[in-house]
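1. okay, here's the prediction I keep looking at, along with the sequence it came from:
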Amino acid sequence: MKLHRRRLIWQLYPSYLILIFVVLLVVGWSLSGMLRSFHYQQVEDDLRARAELVEPQLQGHLTMGDQDLLLPVVTRLGEQSGTRITVIMRDGRVLVDSDEDPRLMDNHGQRTEVVEALAGQQGTSIRFSNTLGESLMYVAIPVYDGEQITVVIRTALPLSAVDETLQEIYWQLFLAGLIIGALLAPVCWWLSRRISRPLELMTAGAQKFSQGLLAIPLAVTGSEETSRLAETMNLMAAKLADRIEQEIGQRAEIETVLGCMIEGIIAVDNDEQIIRLNRAAAELFNVPQQSNAGRPIQEVIRQAELQRFIQQALSQPEPLESELVMYGSEKRYLHVQATPLTGKEDSRIGVLIVLHDLTRLRRLESVRRDFVANVSHELKTPITAIRGAVETLLDDESTDVASQRFLQIIFKQSERLNALVEDLLNLSRIEQGVETGGWELSCEPLLPILHSARAACESLLSQQQVGLDIICPEQLKNRVNAPLLEQAIINLLTNAIKYSEAGSHVLIEVIELDEFVKIRVEDSGCGIAAEHLPRLFERFYRADLARSRSLGGTGLGLAIVKHVAHAHQGEITVSSEVGKGSCFTLLLPRRQKPEVV
């Protein structure tokens with residue numbers, strides 16, 4: 001809806017008229033107030049002078065206190081001066097009044113002017129007289145007998161004559177204001193036109209700028225301010241032309257960069273409509289790169305998982321990333337990252353989706369896993385044969401001592417090689433299980449799994465002379481894969497026992513939380529330095545290489561634990577302090593329904 005806008009002259013001209021009206025109104029109101037105060041002050045001074053003139057003429061009668069003698073004098077003085085004169089006693093009773101019978105008048109002790117006079121000051125008040133039925137100004141002065149106030153003489157005059165005079169003056173001020181306003185109206189029109197005309201010319205020039213005619217400059221005329229504005233707009237037009245050229249060049253560069261990127265880029269607005277899609281993304285989903293802007297993402301890319309990911313990214317303010325599997329002519333693995341797109345004032349306008357094609361990498365990983373599994377499987381037979389031969393030779397009593405020593409070394413190394421092969425097979429089995437459809441989870445009590453892991457480590461506990469404490473609620477159950485979880489607990493226990501001193505204790509504690517089951521394996525061994533913690537769960541990484549080999553470690557135990565945690569959609573963390581021990585924490589999500597992870 002187009003708003004109705006008034007021209008500048010029709011905004012300035014009424015504003016000037018209103019300003020003149022307000023100024024005249026304020027001046028008139030100020031003058032009227034000053035005149036009113038001046039006339040009222042004149043009346044007040046006159047009443048005070050009359051009261052001071054009356055006091056000596058009443059002084060003798062006031063001394064005698066004879067009301068009958070005072071009344072004729074007060075009445076005569078009031079008629080001669082045209083003033084109402086009232087003599088009031090200290091208790092507020094009216095002694096005599098020039099216009100009314102004192103016996104019919106109220107007590108005046110609480111009247112403002114009387115209270116001030118009895119306090120030793122001149123009292124003044126303006127109010128409506130119920131006795132006379134009109135507004136009067138009252139002035140009261142105290143009369144002293146020595147240092148003591150005996151009575152109060154009050155004089156009063158009606159304000160009707162003053163108000164009539166003021167009304168006449170107000171009318172004359174009003175007429176003068178009208179004449180001044182009529183004379184200033186044409187001047188205001190001229191000023192408004194003088195200001196608006198240069199702006200109208202610049203508006204016409206600005207409209208040409210909006211049409212792309214940036215090479216036509218504005219005429220520099222008018223006042224200094226409008227001239228500066230015209231010069232500034234001309235400079236702005238020149239810079240804008242340069243900026244447009246730069247933007248065109250930058251846009252071409254961006255298009256070139258996006259076109260050369262091997263990652264797919266998709267920009268989607270809040271309504272799930274495509275803003276931009278680069279060449280790599282178009283080739284990835286086999287869609288045309290052009291003519292997709294403004295189309296819903298569901299029409300262009302028919303991949304349900306990607307659509308759900310985009311909807312999730314639009315519904316939350318934080319960046320999001322995930323790995324998706326796309327099905328089409330061939331199975332593709334994508335690593336997808338979503339970052340919010342912001343506009344003016346950091347308002348969200350959509351999301352930017354970055355697609356990394358991991359298909360080739362996943363295939364290589366699959367080949368690697370198959371290779372490791374096949375090699376490990378093939379190695380088991382010769383390793384078993386070597387162990388059998390060495391055991392036979394060790395049992396032969398005719399073997400000399402030197403040969404026995406070498407056979408012991410061969411047997412120990414074959415045991416280590418066999419453990420390494422077993423760990424490689426276990427790790428490959430876990431990875432392949434996730435790759436081919438996941439591990440089935442069932443609701444299992446956790447305490448029997450912990451006891452089974454303890455039984456598997458019983459000989460090592462006795463050998464190392466280490467105690468083991470288990471704290472777990474008997475009725476606690478969770479959706480787990482029991483063999484996998486037992487393998488992870490055995491690996492954690494094996495590490496804790498091997499690195500603990502004789503006589504110490506290892507603790508397994510299971511804590512039930514709202515969303516997780518926390519399994520803690522804590523030891524009081526030598527601890528792990530902080531710089532090793534981030535890489536502790538990598539394959540073949542050892543914090544203490546020499547000690548790990550001497551204890552028979554393969555470097556794969558904690559990597560297996562990490563993959564078991566991931567198979568349960570959980571995580572494994574570690575905290576450690578050198579010289580005080582380590583604590584490994586396995587977090588497993590609480591689940592209420594059977595599922596395959």
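-> On my side now, so go ahead.

2. can you pull out the helices in the stretch 251-400 of the chain?
-> Secondary structure of the stretch 251-400 of the chain (DSSP state H, counting those that start in this stretch): helices at 279-285, 297-300, 304-314, 359-395.

3. for the ones you listed, which has the smallest mean pLDDT value?
-> Mean pLDDT is lowest for helix 359-395 among the helices of the stretch 251-400 of the chain, at a mean of 68.

4. shaky segments in the stretch 401-550 of the chain?
-> Across the stretch 401-550 of the chain, the ranges flagged by pLDDT under 70 are 401, 404, 406, 408-409, 411-439, 541-550.

5. ok, 80 please
-> 401-441, 537-550 (pLDDT under 80).

6. ditto for the stretch 151-300 of the chain
-> The stretch 151-300 of the chain contains residues with pLDDT under 80 at 161, 188, 190-231, 233, 237-238, 241, 250-262, 283, 285-286, 288-294.

7. give me that answer again for 70
-> Along the stretch 151-300 of the chain, segments meeting pLDDT under 70 span 215, 219-224, 259.

8. show me where it has its strands.
-> Along the stretch 151-300 of the chain, the stretches classed as strands by DSSP state E, counting those that start in this stretch are 264-269, 274-277.

9. make a markdown table from the ones you listed and add mean neighbour count to it.
-> In this view, the C-beta of every residue, glycine as well, is placed from N, C-alpha and C. Output for the strands of the stretch 151-300 of the chain, formatted as a markdown table (neighbours: other Cβ atoms under 10 Å):
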| stretch | mean neighbour count |
| --- | --- |
| strand 264-269 | 21 |
| strand 274-277 | 20 |
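
10. as JSON lines, those strands with distance to Ile149 would be great.
-> Formatted as JSON lines, those follow (distance: least, Cβ to Cβ, whole Å):
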{"stretch": "strand 264-269", "distance to Ile149": "91"}
{"stretch": "strand 274-277", "distance to Ile149": "95"}
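
11. out of those, which gets nearest to Phe309?
-> Checking these against Phe309 by Cβ to Cβ gives strand 264-269 as the closest, at 10.7 Å.

12. quick check: closest non-adjacent residue to Gly294.
-> Excluding the flanking residues, the one nearest Gly294 by Cβ to Cβ, 6 or more residues apart in numbering is Gln273, at 5.7 Å.

13. model confidence for the residue most central in space within the chain, exactly?
-> The centroid of the chain falls nearest to Asp346 when counting by Cα atoms, centre = their mean (11.4 Å). Asp346 carries a pLDDT score of 76 in this model.

14. any idea how far it lies from Pro317?
-> Distance, Asp346 to Pro317, using Cβ to Cβ, to the nearest Å: 11 Å.

15. you'd agree Val268 is up against Ile274?
-> Yes - in this structure, Val268 is within contact of Ile274 by Cβ atoms under 8 Å, at 6.1 Å.

16. any idea how far the longest helix along the chain is from the chain center?
-> Assignment by DSSP state H gives helix 9-64 as the longest helix of the chain. Counting by Cα atoms, centre = their mean, to the nearest Å, helix 9-64 is centred 59 Å from the centre of its parent chain.

17. quick one: average confidence on it?
-> Mean predicted confidence for helix 9-64 is 81.

18. which elements pack onto that helix?
-> helix 67-81, strand 84-89, strand 134-145, strand 148-158, helix 160-210 (3 or more Cβ pairs under 8 Å, 6 or more residues apart in numbering; DSSP states H and E).

19. and these, which is most packed in?
-> strand 84-89 (a mean of 23; mean count of other Cβ atoms under 10 Å).

20. check the offset of that strand from the chain's centre.
-> Centre to centre, stretch against its chain (Cα atoms, centre = their mean), the figure for strand 84-89 is 76 Å.

21. now the angle from that strand to strand 148-158?
-> Strand 84-89 and strand 148-158 are oriented at 160 degrees to each other (axes from the mean of the first three to the mean of the last three Cα atoms, to 10 degrees).

22. which is the next helix or strand following strand 84-89?
-> Per DSSP states H and E, strand 84-89 leads on to strand 94-97 as the next helix or strand towards the C-terminus.
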